[in-house]
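J.: coords below, sequence missing:
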């Protein structure tokens, strides 16, 4: 037998009050005497009444829901950012739904259609190459009053608030540090083509040029087929087979670091005795041995900024007429056991 589902009318009848009084107690939008409010709460508890949030949302023309699009649901850094976004949004009364696009154009278009169909109030967009394509029509969200911010990635989107990490600056910190340690033969392991690889490696190159203009330092890219540990392992194995000399290695992220470190180990190379090693990301900071020198991202801070800006846009606190911001947050270089000075 189906369970009885109480309606607002049932609560009003049980409490001996009007439907509008029940609505005022539930929504807190009008003052109600404590005596009437107590009767309503008692009736709600007795009947196990649950407000129809969808009906309320349609009436208010807001669903208090947000979409978080991600091109890679397995990326630990992206999931950390999502969880921080979710916490910030929940503190302001919004629910966040994760939509995996797998980095494809078609799935991204389907995700945008879902956002529209579900009448979501806003969306967190990944700052990836997909959103530079003309077939990804963000104008359809604008036309329906759906707010947007960009978070996590390297491709800033025109006319959209974007919150990014200063990847060039992070690479420059690594380059400065390795230069001071005496390293002049450095390899960077990372996916290509990739805007993030370009920015991170570009920062390392810029540091060497600034420290020694026209220097003969060797900074080589070891390209990986994708962002996985397996691709990094294969790429480093192939590079080691070429017997090209290097004294320091920089990994694109935690997954790449995992594969690269495994390849070094399998070839009998010790960190840091044979190779100094640095990674972008914090996944190896605590439990790798030796502990890994790394440039770390403040996912929580960038998520809070993005979530609050998006919700402010939705609520009109920051109006759509105001210009969009492209905010770059600094990265932090933390020195650990995996790097050493060239003697």
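T.: Cool, the structure landed. Just so we're clear, the structure is a prediction, and the values are computed from it rather than from any experiment. Numbering: from 1, shown residues only.

J.: Just grab the bridge partners of residue 100 for me.
T.: Residues in a beta bridge with residue 100, per DSSP bridges, are residue 70.

J.: so who does it touch?
T.: The neighbours of residue 100, taking C-beta atoms under 8 Å, 6 or more residues apart in numbering as the test, are 70, 71, 72, 73, 107. Where you see a C-beta, it was placed from the backbone N, CA and C, and this is true even at glycine.

J.: Let me have these in CSV, extended by distance to residue 226 and neighbour count.
T.: CSV is the format used below for the contacts of residue 100 (distance: C-beta to C-beta, whole Å; neighbours: other C-beta atoms under 10 Å):
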residue, distance to residue 226, neighbour count
70, 16, 24
71, 12, 21
72, 10, 20
73, 15, 13
107, 17, 16
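
J.: Now the residues you listed in TSV, please, with extra columns for distance to residue 219 and pLDDT.
T.: Below are the contacts of residue 100 laid out as TSV (distance: C-beta to C-beta, whole Å; pLDDT from 0 to 100):
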residue	distance to residue 219	pLDDT
70	31	90
71	28	86
72	27	81
73	33	79
107	36	93
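
J.: With respect to residue 241, which of these is nearest?
T.: For the contacts of residue 100, the closest approach to residue 241 (C-beta to C-beta) belongs to residue 72, at 29.0 Å.

J.: Thought residue 78 was touching the closest one, still the case?
T.: Yes - assessed by C-beta atoms under 8 Å, residue 72 is found in contact with residue 78 at 6.0 Å.

J.: Now for the two: what residues contact both?
T.: By C-beta under 8 Å, 6+ apart, no residue touches both residue 72 and residue 78.

J.: Look up the pLDDT of the closest residue to residue 267 other than its chain neighbours for me, please.
T.: Residue nearest to residue 267 in three dimensions, not counting chain neighbours: residue 240, with 5.2 Å by C-beta to C-beta, 6 or more residues apart in numbering. pLDDT recorded at residue 240 is 97.

J.: Please apply the same query to the one 3 residues further on.
T.: According to the model's per-residue confidence, residue 243 sits at a pLDDT of 92.

J.: name the element it belongs to?
T.: Of the helices and strands defined by DSSP states H and E, none includes residue 243.

J.: do the same with residue 111
T.: Using DSSP H and E, residue 111 falls in helix 105-117.

J.: Which strands and helices lie in contact with that helix?
T.: Contacting helix 105-117 under the criterion 3 or more C-beta pairs under 8 Å, 6 or more residues apart in numbering; DSSP states H and E are the following elements: strand 65-70, strand 95-100, helix 139-143.

J.: mind putting these in TSV, distance to residue 20 included?
T.: Shown next, in TSV, are the helices and strands packed on helix 105-117 (distance: least, C-beta to C-beta, whole Å):
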stretch	distance to residue 20
strand 65-70	26
strand 95-100	27
helix 139-143	35
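
J.: Please name the residues that touch residue 47.
T.: Residue 47 neighbours (C-beta under 8 Å, 6+ apart): 6, 10, 11, 14.

J.: Compare the residues you listed and tell me which is most surrounded.
T.: residue 11 (26 neighbours; other C-beta atoms under 10 Å).

J.: List the residue ranges of the protein that fall below the pLDDT cut-off.
T.: Applying pLDDT under 70 to the chain flags residues 1-4, 27-29, 51-61, 215-217, 285, 317-323.

J.: how about a cut-off of 80?
T.: Low-confidence segments of the chain, defined by pLDDT under 80: 1-5, 26-30, 50-62, 73-77, 214-217, 283-287, 316-324, 343.

J.: Please enumerate the helices of it.
T.: Ranges of helices within the chain are 8-15, 19-27, 34-47, 53-60, 76-90, 105-117, 139-143, 167-180, 195-211, 229-241, 254-266, 299-315, based on DSSP state H.

J.: Thanks a lot, catch you later.
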